[in-house]
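A.B. asks: Sharing a model that was predicted from the sequence below.
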Amino acid sequence: MNSQKPYTTNVVTLGIGQRTDVLVTANAGPSNSAFWMRSNISTLCSAAKQPNALAAIYYDRADTSKAPKSTAWNVPDPGTCANDDLSKTVPTYPIALKTPTTTVTYDIGFFVNSTGSFLWTLDDVSFRANYNQPVLLQADKKNYTFPAEWNVKNFGSNSTIRVIINNHSPASHPMHLHGHNMQILSEGPGDYDGSTIINPSNPQRRDVQMVRANGHYVFQYDADNPGIWPFHCHIAWHVSGGLYANFMERPDDISKKSQIPYIMQQTCVDWQAYTNRDVVDQVDSGV
């Protein structure tokens, strides 16, 4: 992953699938001090029944048989369900923003189907896979026509792809793109109006980025890795409920890139043989 320039903060905000390195400077008291390090889930962004976690931090001469007595900082919950400000999180190694060769806009939505199940949509599609027909194997055979519910986004030979995500749902989503680092250009409430790009000379880079409820984020990536790449919410029941798309990158180069490993092909053969004699109950999207 990309290292970021260090900055001083009392709080680091992370979503599911996100990681960070935190350097704690142990200079807040005498050598027998002890403190609680706290991890809190925003009660405005989650229905967790246990929103708090603690880890004891002991200095070298502290009494480890006793629990720390430190109290939490009074840091108000912003309730935005968003990551730290993009202006703070600057990559150490700069990569300037290119002019995109294509720009697409996808909305996140939701609905309740006829059986009463709550489902998510990306670009008006609630994703469902066909377990017996992996998209990568189809593309390797130069088959580029897919059912709508597979939610395949074929970006053709485009070299730089900009994606605008407008979240029209009341939940925040940690959105994950496989195979690439996203350059995060904008994030905020409401739909993207095209007016703001944060730090275009060296925008933040992530593989998972929070999009806030009823908000937006904009990202861009270089099409330097031909294949079929999942783009999905990292919350398990959200992706199971259809919040997923397949990003097809440089399809003409997929079969040229490398031969699909034998073990993958054999897994598909074995799966086909199994499903020929047993009916599989597909209970979620298939991711």
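C.D. replies: In hand now; what should we look at?
A.B. asks: So A55 lies in a strand, does it not?
C.D. replies: Yes - assessed with DSSP: H, G, I helix; E, B strand; the rest coil, A55 lies in a strand.
A.B. asks: Within the helices and strands, which one has the residue lying closest to it once chain neighbours are set aside?
C.D. replies: In this structure, A55 finds its nearest non-sequential neighbour in M37, 4.6 Å apart by Cβ to Cβ, 6 or more residues apart in numbering. (C-beta placed from N, C-alpha, C; glycine too.) Assigned by DSSP states H and E, M37 belongs to strand 34-40.
A.B. asks: Summarise which helices and strands that strand is packed against.
C.D. replies: Here strand 34-40 touches strand 52-58, going by 3 or more Cβ pairs under 8 Å, 6 or more residues apart in numbering; DSSP states H and E.
A.B. asks: neighbouring contacts of the helix or strand that the strand it packs on is followed by?
C.D. replies: Following strand 52-58 in sequence order, the next helix or strand is strand 102-112 (DSSP H and E). Outside strand 102-112, the residues within contact range by Cβ atoms under 8 Å, 6 or more residues apart in numbering are 118-124, 126, 153, 155, 158, 160-169, 173, 192, 211, 243, 245.
A.B. asks: Mind giving me the ChimeraX command for buried ones among these?
C.D. replies: Remark: buried members of the contacts of strand 102-112, expressed as a ChimeraX selection using 16 or more other Cβ atoms under 10 Å:
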select :119,120,121,122,126,153,155,158,160,161,162,163,164,165,166,167,169,173,192,211,243,245
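A.B. asks: Direction included, what does whatever helix or strand H216 lives in pair against?
C.D. replies: Element membership of H216, judged by DSSP H and E, is strand 215-222. Applying DSSP bridges, strand 215-222 is found paired with strand 160-167 (antiparallel), strand 182-189 (antiparallel).
A.B. asks: can you dump the C-alpha coordinates of stretch 186-196 into CSV?
C.D. replies: C-alpha atoms of stretch 186-196 as CSV (Å, rounded to 0.1, in the frame of the first residue of the first chain):
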residue,chain,number,x,y,z
SER,A,186,-13.2,14.4,-4.0
GLU,A,187,-15.4,13.4,-1.1
GLY,A,188,-18.3,15.1,0.6
PRO,A,189,-22.1,15.4,1.1
GLY,A,190,-24.6,15.3,-1.7
ASP,A,191,-24.0,14.5,-5.4
TYR,A,192,-20.7,15.5,-6.9
ASP,A,193,-21.0,18.8,-8.7
GLY,A,194,-17.7,18.7,-10.6
SER,A,195,-16.2,21.7,-8.9
THR,A,196,-13.7,20.2,-6.5
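A.B. asks: what's the offset of that stretch from the middle of its chain?
C.D. replies: The gap between the average C-alpha position of stretch 186-196 and the chain average comes to 18 Å, counting by Cα atoms, centre = their mean, to the nearest Å.
A.B. asks: Quickly note the distance from the closest residue to I164 other than its chain neighbours to D124.
C.D. replies: Of all residues not flanking I164 in the chain, T105 sits nearest, at 4.2 Å (Cβ to Cβ, 6+ apart). According to Cβ to Cβ, to the nearest Å, T105 and D124 sit 12 Å apart.
A.B. asks: Only the buried residues of the strand holding H216, if you could.
C.D. replies: So for strand 215-222, counting by 16+ other Cβ under 10 Å, buried means 215-222.
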